[in-house]
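# Got a sequence here, can you build the structure:
(one chain, ligands or ions: 1)
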Amino acid sequence: MVEVQQLTKTFGTQVAVNNISFTAGKGEILGFLGPNGAGKSTTMKIATGYLPPTAGTVVVEGYDVLAAPLEVRRRVGYLPEHNPLYLDMYVHEYLEFIGSVHGLKGNHLQQRVRQMVDRVGLGREQNKQIGALSKGYRQRVGLAQALIHDPGVLILDEPTTGLDPNQIGEIRTLIRELGQDKTVIFSTHILPEVAALCSRAVIINRGQLVADSPVSELGAKAAGETIIRAEFEQPVDTTPLLALPGINQVEQEAGNTYRIRAAAGSDQRGAISRLAAQQGWVLLGLRQEEQSLEQVFQALTK
Ligand SMILES: Nc1ncnc2c1ncn2[C@@H]1O[C@H](COP(=O)(O)OP(=O)(O)OP(=O)(O)O)[C@@H](O)[C@H]1O
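From the prediction side, this is the model:
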């Protein structure tokens, strides 16, 4: 579990992160979104103990990043945005080195290295120097080093950037598996990735939190209201529709389709279909409009 509370980070006069709070739970994959410069990497660096907060706290599996940085590092796997690898080291050698930094030794260390090579799909490239690997394979080495000590929390800064579509698919599958029993926070600019992988998303903009909600509810939040389209066989009297609680406006569109604006986050379809039955209206279609994640992101971060 990762608990970010009223976190602020300033660099001189620049406020990179401005009083944000959110929580990521065990078995949860949290998408961390925001435009360039929003403060994502800064937040992740603080949560992994690489940067101290200016104010506020981050608590990782019960340990405060400032008060217990070693306990935090033991429990966190971190893939930084600019994956800092030792290019002249061989893949095995590097993973052994990182494993030993985490206190792994002997057979157990060798076994973990083999398991990680296998897990991230480094098999064919495992005997090369890191400098000889393609971007995608370097990213896999970065993931393997983040996982080597079997941390309960994984913080991945743009893990799929620069990968080809096949590699993206494989890394997403891996993240999905890891998310079953770990806490995973990952940042990305690829919005369909969030829809595919995450149950929840946190969006920040200019250092401030602008959304923290289940991905499925983001649309209504961004729009500030829910739009429903109802098609009837005949024109209907809009007065009883407008009288339903939570319905703000009803407009007739082409034919006998009505655009119904309702309070954000509410689902009025049941009430509308019951009203239609009461009034003897033949309801041909009833559809709640979904906003795409792109639209939501743009609305919240412009
Ligand atoms: N060491 C630093 N010194 C000064 N300013 C910094 C430093 N690190 C980050 N910043 C500033 O803090 C702000 C947030 O940067 P950050 O890297 O956290 O954004 P981001 O959301 O990760 O962006 P991107 O999507 O482009 O990676 C930016 O304006 C950046 O210039």
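
# what stretches of this structure score poorly on pLDDT?
Applying pLDDT under 70 to the chain picks out residues 219-224, 265, 290-292.

# Alongside the ligand, which residues does this protein contribute?
Counting by CB under 6 Å from any ligand atom, the chain comes close to the ligand at 11, 14, 16, 34, 36-42, 81. To be clear about C-beta, it is placed using only N, CA and C from the backbone, and glycine gets the same treatment.

# Would you list the buried entries among the residues you listed?
Those of the residues of the chain next to the ligand that meet the buried threshold are 16, 34, 38-42, by 16 or more other CB atoms under 10 Å.

# one step back: please flag which of the residues of the chain next to the ligand sit within helices.
40-42 (DSSP state H).

# quick one: the helices in the stretch 51-200 of the chain?
Along the stretch 51-200 of the chain, counting by DSSP state H, counting those that start in this stretch, helices occupy 69-75, 91-101, 106-119, 135-147, 165-178, 191-197.

# So residue 65 sits against residue 59, correct?
Yes. With contact defined as CB atoms under 8 Å, residue 65 reaches residue 59; the gap is 7.5 Å.

# circling back: deepest of the helices of the stretch 51-200 of the chain, which one?
Ranked by mean neighbour count, these are led by helix 135-147 with a mean of 23 (mean count of other CB atoms under 10 Å).

# So what does the most far-flung residue of the chain relative to its centre have for phi and psi?
Residue farthest from the centre of the chain, counting by CA atoms, centre = their mean, is residue 280 at 45.4 Å. Per-residue torsions, residue 280: phi 70, psi 20 (degrees, to the nearest 10).

# Ramachandran coordinates for residue 160?
When read as degrees, to the nearest 10, the backbone of residue 160 gives phi -110, psi 0.

# Tell me the spacing between it and the ligand.
Distance from residue 160 to the ligand, counting by CB to the nearest ligand atom, to the nearest Å: 14 Å.

# Please apply the same query to residue 54.
12 Å.

# give the contact list for the closest residue to residue 192 other than its chain neighbours.
Closest residue in space to residue 192, ignoring its immediate chain neighbours: residue 293 at 7.3 Å, by CB to CB, 6 or more residues apart in numbering. Contact analysis of residue 293 by CB atoms under 8 Å, 6 or more residues apart in numbering lists 191-192, 194-195, 215, 218-219.

# just those residues now: which is nearest residue 297?
Nearest to residue 297 among the contacts of residue 293: residue 191, at 6.0 Å, using CB to CB.

# got a list of what the closest one touches?
Residue 191 touches 33, 293-294, 297, counting by CB under 8 Å, 6+ apart.

# go again using 10 Å as the cut-off
The contact partners of residue 191, taken as CB atoms under 10 Å, 6 or more residues apart in numbering, are 31, 33, 201, 215, 292-298.

# closest to residue 263 among the residues you listed?
residue 296 (17.5 Å).

# tell me the SS of the closest one?
The three-state label given to residue 296 by DSSP: H, G, I helix; E, B strand; the rest coil is helix.

# How many residues are close by it?
24 (other CB atoms under 10 Å).

# same check, this time on residue 179
Residues lying near residue 179 (other CB under 10 Å) number 20.

# how many neighbours does the residue nearest to residue 233 when sequence neighbours are not counted have?
Spatial nearest neighbour of residue 233, excluding adjacent residues (CB to CB, 6+ apart): residue 282 at 3.8 Å. If you count neighbours by other CB under 10 Å, residue 282 ends up with 12.
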